[in-house]
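Student: Compute the structure for the input listed below.
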Amino acid sequence: MSIRRLMTLLLMVILGTMTMTIDVSASIPYRTFTEDSEGNRIPTHDAYLPAENIFRFESTTGFETLNQPEDVDYVSELDIHVIADTGNKRIVILDGEFKVKRTFTAPELERPTGIAANANHIYVADPDASSLFVFDHTGVLLETISRPESPLFGDDDTLFRPTKVKVDGTGNLYVVSEGSYNGILFFNPSFTFQNYFGSNSVIVTFRLIFENLFLTDAQRENRIIRNRPPSPNNVAVSDEGFVYTVTTGLSGNAIKRFNYVGDNKYPENMSDQATYVSVAAGPSGNTVALTSEGVIDAFDNEGNLLFSFAGSGLQDSRLGLIGEGTAVLIKDDSTILVLDKKNNGFQRFVPTAFATAIHSAIALYMDGRYDDAREAWEDVLKVNQLFDLAHRGLGQAYFKQNEYDLAFEEFKLARDRTGYSMVYWELRNAVLVEQIPLIMSLVFLGIIASLVIRPLERKTGIIHRMTKPLRTFASHPFVHEWLFMFHFLRHPLDGFDDIKHRRGVSTRSTHVWVLLSVVLIILHIRFTGFLFNPYTISSSTVRNTVMIALFGLSVLITANYLVSTLAEGEGRFSDIYIGAVHALSPLIIFMPILIALSNVLTLNESFLYYFPVIVLVLWTLFYLYFMIKDIHNYQVGETFKNIFMTLFTAVILLIVGFILYNIFHQAYDFVTSVIREVVIRSET
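Tutor: The predicted model follows:
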């Protein structure tokens with residue numbers, strides 16, 4: 001075969017592959033999302049592809065169908081799927097190829113909604129029968145677990161209506177009971193109730209706080225009944241022994257991952273959804289959760305969102321859209337199965353090469369194979385450079401290999417502050433160890449200099465002569481007015497009186513401080529250390545922050561002037577303006593120190609950053625209070641009244657301004673559209 005013909009054939013294969021890829025992608029009826037470093041869901045490459053709908057199941061007598069199935073479990077040792085066929089009041093066992101291996105029922109089954117299985121037993125939760133049933137794999141009923149008699153279960157009014165059940169590797173049962181606000185029920189392998197496990201917390205609201213303060217004991221007792229913690233609505237158990245729960249209605253912690261002592265190892269601010277109906281544990285600590293809208297969310301072992309895909313098929317029956325999902329499971333090969341109650345069958349999703357690379361990288365890292373994990377994450381980044389989790393994973397791999405400089409850059413790209421802090425700690429320690437001789441030398445020289453300079457100054461006055469030009473410059477009237485800020489910082493009460501009578505301060509020097517404040521805001525956004533910088537640095541961020549700060553200050557000064565004019569305040573508008581700017585002196589003067597401090601601390605020392613911030617804010621509020629009191633010559637009660645009315649007036653001004661802005665904006669659009677219409681008609 002000639003080289004030209006070989007190249008032509010190769011080109012045809014490549015083009016054919018591209019064409020097939022485009023056709024498959026175009027047939028997918030949903031988009032895939034992931035989470036960026038700011039917690040926003042953003043589009044990413046397809047992670048899972050819909051493979052097939054399975055709604056008819058081959059058996060020895062023909063084909064079987066399901067009727068409103070509620071739950072499914074998979075036993076990897078036997079390669080079987082066990083289904084709670086709720087509408088038919090039976091249990092269906094399918095083999096690995098989804099062929100019917102066995103079905104069975106029992107007179108005791110009324111509405112089986114939960115299923116769990118291992119190599120020896122099948123466990124069925126039936127809320128209408130108020131029981132758990134234990135069968136062998138031939139359908140023989142071995143045990144009926146009724147309402148526990150233990151005092152730990154609750155009083156006589158506590159109901160036992162099991163809806164979901166899962167079993168761990170040692171035979172312990174984890175049961176979701178309808179309305180059980182104490183959490184899921186834990187039974188040992190002998191089917192004896194032990195205690196509750198993995199409860200949610202009461203959702204604290206302002207209404208709840210208000211009712212606690214003002215309701216009577218009887219009213220409070222009734223209110224407590226209505227404000228119990230929400231009950232988990234599904235459960236899963238991993239091979240490693242972690243117990244997962246999902247709770248409808250929660251946000252940020254709708255999905256939880258409990259260790260054996262009941263501690264939730266997932267963060268409290270996950271990128272989750274409030275409509276989860278099912279959860280499943282997969283390989284390498286990965287988890288998938290299914291919403292009532294048919295969306296599948298996949299998480300890693302730390303609760304980071306990997307992918308979010310699929311969607312509702314209530315109005316659309318295309319492959320990949322789920323009619324009414326009731327259960328989800330993930331196999332060792334990362335294949336995902338969704339039980340569809342509306343369509344009485346399964347939908348199977350298979351991972352793409354992109355998802356497989358991510359799963360592989362996570363598994364390699366957890367196995368301690370950091371070199372291989374690094375290569376896997378690099379492969380992921382070749383596909384999607386904006387996949388933040390890949391940068392984070394690459395940073396972790398570099399960190400484990402002590403390549404701190406590379407890890408530093410990757411964690412910063414991923415905006416992972418925890419990882420960045422760990423690396424920065426190591427880099428800072430290395431610098432400190434290397435520079436200890438220099439640091440000690442500088443300290444020693446500083447001590448010597450302080451011991452020498454003071455006697456030398458007393459004898460010769462050389463420092464006094466050297467600083468004479470500075471004192472001359474500082475005595476200039478405008479410079480003296482500008483330096484008043486530092487005098488005010490030390491003597492605020494005298495400073496307000498000086499402002500009121502214009503002693504050593506002026507409006508023009510205050511303008512300069514406002515301009516410097518703008519510069520400090522820009523420096524704060526641009527140069528505050530990554531660990532303590534809440535901003536996404538961009539020109540729009542800088543512009544918007546400066547405009548909000550100046551606009552807010554202007555509104556508050558104007559509101560205070562209007563209120564004080566009506567409330568017999570003595571301060572002029574210029575007095576309020578100068579006083580307000582100088583009251584901000586703690587923040588203005590110490591801001592450069594905070595910026596510098598933020599660049600040398602880690603998260604372990606965050607107290608050394610946030611405590612001064614709190615002190616400066618309280619210091620500033622203290623000055624603002626005395627500014628209003630002294631400028632307007634108010635008593636204490638009058639001052640607080642003025643502050644309240646100032647804030648209220650500021651809100652009113654903002655509302656009025658917003659209304660006027662909309663009116664003028666609409667008028668502008670109307671006038672421009674009329675002019676545009678006139679121009680068009682005149683041209684025709």
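
Student: ok now do I115, which residues does it touch?
Tutor: D71, V72, D73, V82, I83, A84, I91, I122, Y123, V124, A125, V165 (CB atoms under 8 Å, 6 or more residues apart in numbering). Every C-beta, even on glycine, is put in place using the N, C-alpha and C of the backbone.

Student: out of the residues you listed, who's nearest L556?
Tutor: Checking the contacts of I115 against L556 with CB to CB, the nearest one is D71 at 58.5 Å.

Student: Double-check that closest one against T326; I have them as touching.
Tutor: Yes - using CB atoms under 8 Å, D71 is in contact with T326, at 6.7 Å.

Student: Compare the two (neighbour count), which wins?
Tutor: Taking neighbours as other CB atoms under 10 Å, D71 and T326 compare with D71 leading, 26 against 23.

Student: all helices of the stretch 451-600 of the chain, in order?
Tutor: Taking DSSP state H, counting those that start in this stretch as the test, the helices found in the stretch 451-600 of the chain are 462-466, 468-474, 477-482, 484-490, 492-500, 507-527, 539-566, 573-583, 585-598.

Student: Pick the most buried one from those helices.
Tutor: helix 573-583 (a mean of 23; mean count of other CB atoms under 10 Å).

Student: still on that earlier bit, anything in contact with each of D71 and T326?
Tutor: Common neighbours of D71 and T326 (CB under 8 Å, 6+ apart) are L339.

Student: and the residue nearest the centre of the chain, how far is that from K89?
Tutor: Residue closest to the average C-alpha location in the chain (CA atoms, centre = their mean): N269, at 4.1 Å. Using CB to CB, to the nearest Å, one obtains 42 Å as the distance from N269 to K89.

Student: same question, L556
Tutor: Distance, L556 to K89, using CB to CB: 69 Å.

Student: Shouldn't V431 be within a strand?
Tutor: No - V431 is assigned helix when assessed by DSSP: H, G, I helix; E, B strand; the rest coil, not a strand.

Student: what separates I83 from P69, distance-wise?
Tutor: Separation of I83 from P69 (CB to CB): 5 Å.

Student: Need the residues touching each of those two.
Tutor: V92, L339.

Student: if we can go back for a sec, skipping adjacent residues, who's closest to the residue nearest to the centre of the chain in space?
Tutor: Once flanking residues are discounted, N269 sits nearest to G252: 4.9 Å by CB to CB, 6 or more residues apart in numbering.

Student: Surely the one you found touches M270?
Tutor: Yes - using CB under 8 Å, G252 makes contact with M270 at a distance of 6.0 Å.

Student: For F33, name its beta-bridge partners.
Tutor: Partner residues in beta bridges with F33, using DSSP bridges, are P43, S308.

Student: do V72 as well
Tutor: With DSSP bridges applied, V72 shows beta-bridge pairing to I83.

Student: that older thread, can you give me the separation between the residue nearest to the centre of the chain and D416?
Tutor: Between N269 and D416 the computed distance is 14 Å (CB to CB).

Student: ok, back up a step: can you pick out the residue with more neighbours from G252 and M270?
Tutor: Each of G252 and M270 has its neighbours counted (other CB under 10 Å); M270 has more, 22 against 13.

Student: How about the contacts made by that one?
Tutor: G252, N253, A254, I255, F299, G303, L305.

Student: Select from those residues every entry located in helices.
Tutor: Members of those lying in helices (criterion: DSSP state H): none.

Student: Only whichever of those are buried, select them in ChimeraX.
Tutor: Selecting only the buried entries of the contacts of M270 in ChimeraX, with 16 or more other CB atoms under 10 Å as the criterion:
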select :253,254,255,299,303,305
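
Student: Make CSV from the contacts of M270 and add distance to L132 and pLDDT to it.
Tutor: Output for the contacts of M270, formatted as CSV (distance: CB to CB, whole Å; pLDDT from 0 to 100):
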residue, distance to L132, pLDDT
G252, 32, 83
N253, 27, 87
A254, 25, 91
I255, 24, 93
F299, 29, 93
G303, 30, 89
L305, 34, 92
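
Student: got a markdown table for the contacts of M270, with distance to K641 too?
Tutor: Putting these into a markdown table (distance: CB to CB, whole Å) gives the following:
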| residue | distance to K641 |
| --- | --- |
| G252 | 39 |
| N253 | 42 |
| A254 | 45 |
| I255 | 49 |
| F299 | 52 |
| G303 | 48 |
| L305 | 49 |
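
Student: tell me which of the contacts of M270 is nearest to G579?
Tutor: The shortest approach to G579 among the contacts of M270 belongs to G252, at 42.2 Å (CB to CB).

Student: Any figure for the gap between the closest one and S201?
Tutor: Taking CB to CB as the measure, G252 falls 12 Å from S201.

Student: likewise L305?
Tutor: The gap separating L305 from S201 is 22 Å, by CB to CB.

Student: and what of D416?
Tutor: For D416, the distance to S201 equals 27 Å [CB to CB].

Student: So the nearest residue to I54 once chain neighbours are set aside: helix, strand or coil?
Tutor: Counting by CB to CB, 6+ apart, the nearest residue to I54 once its immediate chain neighbours are dropped is F346, at 4.3 Å. Under the three-state scheme (three-state DSSP), F346 adopts strand.
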